[in-house]
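A.B. asks: Build the 3D model from these lines:
(one chain, ligands or ions: 1)
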Amino acid sequence: MKEYHCGTLVPGCDWHTRHEEEAEVIRRAIEHMREAHGETVIRETMVEAIRSRIQNVRQAA
Ligand SMILES: [Zn+2]
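C.D. replies: Here you go, the predicted model:
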């Protein structure tokens, strides 16, 4: 299970998401950046910043 907290990249934001697939977590995070933070241009550096902040989490039973 992969988890991403937007607050690690955008201080003060408490949005987070988790999914089995890292690609899906990144897709959702980018969608969130567009909708919540007005980032219309998603740069490769931003994708890398998101990817580097994704954590592995144990799936809750
Ligand atoms: Zn956010």
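
A.B. asks: Provide the contact partners of the lengthiest helix in the chain at residue level.
C.D. replies: Ordering each helix of the chain by length in residues (DSSP state H) puts helix 22-37 first. With contacts defined as CB atoms under 8 Å, 6 or more residues apart in numbering, helix 22-37 is touched by 2-4, 6, 10, 13, 15, 17-19, 39-40, 42, 46-47, 50-51, 54. Where you see a C-beta, it was placed from the backbone N, CA and C, and this is true even at glycine.

A.B. asks: how about 7 Å then?
C.D. replies: Identification of contacts with helix 22-37 by CB atoms under 7 Å, 6 or more residues apart in numbering yields 2, 4, 6, 10, 15, 17-19, 39-40, 42, 47, 50-51, 54.

A.B. asks: got it, and stretch 49-61?
C.D. replies: Under CB under 7 Å, 6+ apart, the answer for stretch 49-61 is M1, K2, E3, Y4, T8, L9, R18, E22, V25, I26, A29.

A.B. asks: List the buried residues of that stretch.
C.D. replies: I50, R53, I54 (16 or more other CB atoms under 10 Å).

A.B. asks: Out of the contacts of stretch 49-61, name the two that are farthest from one another.
C.D. replies: M1 and L9 (19.5 Å; CB to CB).

A.B. asks: Which of the two has more residues huddled nearby?
C.D. replies: Between M1 and L9, counting by other CB atoms under 10 Å, L9 is the more crowded of the two (16 against 13).

A.B. asks: show me what contacts the more buried one?
C.D. replies: L9 touches A49, I50, R53, counting by CB under 7 Å, 6+ apart.

A.B. asks: Just the buried ones from the contacts of stretch 49-61, in ChimeraX syntax?
C.D. replies: Command for ChimeraX, covering only those of the contacts of stretch 49-61 found buried under the criterion 16+ other CB under 10 Å:
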select :2,4,9,18,25,26,29
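
A.B. asks: so who does the closest residue to E21 other than its chain neighbours touch?
C.D. replies: Closest residue to E21 apart from its sequence neighbours, by CB to CB, 6 or more residues apart in numbering: K2 at 7.1 Å. Applying CB under 7 Å, 6+ apart, we find K2 in contact with R18, H19, E22, V25, I54, N56.

A.B. asks: out of those residues, which one sits closest to the ion?
C.D. replies: When the contacts of K2 are ranked by distance to the ion (CB to the ion), V25 comes first, at 13.4 Å.
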